[in-house]
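A.B. asks: Dropping the sequence and predicted coords here.
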Amino acid sequence: MTAIGRRRWAIAGGHIPLRTTGPEPECTSSDTLCVLNAADAEAVVQITIFYADREPVGPYRLAVLPRRVRQVRFNDLIDPEAMPLDTDYALIVESSVPVVVQFSRRDTSQAENAIATTLAYPVD
């Protein structure tokens, strides 16, 4: 299959709410990255997180097998350090092969849960 997507993506609006309503872990507020690798080669993905008040952190590394999709909750990123809750952030995703990146937020800080999803910004 022909590779689709870009090797670099930007997302500017990350924020994992601190409060959660409902049982944990299934109702924990979270931001999620979804990576589609339609290429015939494994995608080696690096994520760098940017903050308003300190230096960037990363890279967080993950692999996406050929012709597969992988979803990663930012809450689960711990190496090189755990993501802080209730903190604004942005990120750059860089991949060894072209991929498609989608960003989702699940906000359970109120009884009326909210889900928002957007395609990341492809960087040339």
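C.D. replies: Ah, there it is. Residues are numbered from 1 along each chain as shown.

A.B. asks: any idea how far residue 100 is from residue 52?
C.D. replies: 28 Å (C-beta to C-beta, to the nearest Å). For every residue, glycine as well, the C-beta is placed using N, CA and C.

A.B. asks: got it, and residue 11?
C.D. replies: Taken as C-beta to C-beta, the span from residue 11 to residue 52 is 15 Å.

A.B. asks: more neighbours, those two?
C.D. replies: Taking neighbours as other C-beta atoms under 10 Å, residue 11 and residue 52 compare with residue 11 leading, 22 against 8.

A.B. asks: Just give me how far the one helix or strand that one maps to sits from the chain centre.
C.D. replies: Per DSSP states H and E: residue 11 is located in strand 6-15. With C-alpha atoms, centre = their mean, to the nearest Å as the basis, strand 6-15 stands 8 Å off its chain's centre.

A.B. asks: Mind listing what's buried along the longest strand anywhere in the chain?
C.D. replies: Identified as the longest strand of the chain according to DSSP state E is strand 88-107. Going by neighbour count (16 or more other C-beta atoms under 10 Å), the buried part of strand 88-107 is 89-103, 105-107.
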